[in-house]
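Asker: predicted model, plus sequence, below.
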Amino acid sequence: MPEVKLAGLDKDGNEKEISLSDFKGRRIVLYFYPKDNTSGCTQEACDFRDNMNRITKYADVIGVSPDSIKSHKSFKMKQELNFILLSDSEHKLSELYGVWKEKSMYGRKYMGIERSTFVLDADGKIEKEWRKVKVKGHVDEIIGYLTNASI
């Protein structure tokens, strides 16, 4: 498992340094999203929040974006999020998973997160990945995978 330690907020909103290796022996749904408090990212986070009881029997959920801890605190409180958020402001984890990409909007090129989700097995190896995720229906797709992969 990667030993990258990032500032984060635990499930209860407490600030702490978190590494994926802290979850050895447990599966993880690791999802990367571009920005707190934007429409697609808020919908995705709320979909995870609303389905947490269907997910936690199979895996822990960790959301990662380049936003600051301060931004995460506001986002977590406003949306009542019940899972871990990590601040990857230096793009260490994003680059490790290959989701820090050149993007283009209105002809302008910039670097940012390509919305992606990974299921990591109990040893931290990638078990399943989704790239260029479309928000609508994605959490249900993850739950379907977790349910069928755990039978």
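Answerer: It's in. Remember, it's a predicted structure, so these values are computed and weren't measured experimentally. Numbering: from 1, shown residues only.

Asker: can you list the weak-confidence ranges in this protein?
Answerer: Counting by pLDDT under 70, the ranges of the chain that qualify are 1-2, 150-151.

Asker: where along it do the strands fall?
Answerer: Assigned by DSSP state E, the strands in the chain fall at 5-9, 15-19, 28-32, 60-65, 84-87, 100-105, 108-113, 116-120, 126-130.

Asker: need the contact partners of the fourth one.
Answerer: By Cβ atoms under 8 Å, 6 or more residues apart in numbering, the residues outside strand 60-65 that reach it are 6, 18, 20, 23, 26-36, 41, 45, 48, 52, 55, 72, 81, 83-88, 93-94, 113. The way it works is simple: take the backbone N, C-alpha and C, and place the C-beta from them, glycine included.

Asker: just the buried residues of the residues you listed.
Answerer: Buried members of those, counted by 16 or more other Cβ atoms under 10 Å: 6, 18, 20, 23, 27-34, 36, 41, 45, 48, 52, 55, 72, 81, 83-88, 93-94, 113.

Asker: how much space separates the residue of the chain most remote from its centre from Asp50?
Answerer: No residue in the chain sits farther from the centre than Gly107, which is 27.6 Å out by Cα atoms, centre = their mean. Distance from Gly107 to Asp50, counting by Cβ to Cβ, to the nearest Å: 36 Å.

Asker: what sits closest to Leu146 if chain neighbours are left out?
Answerer: Spatial nearest neighbour of Leu146, excluding adjacent residues (Cβ to Cβ, 6 or more residues apart in numbering): Tyr58 at 4.0 Å.
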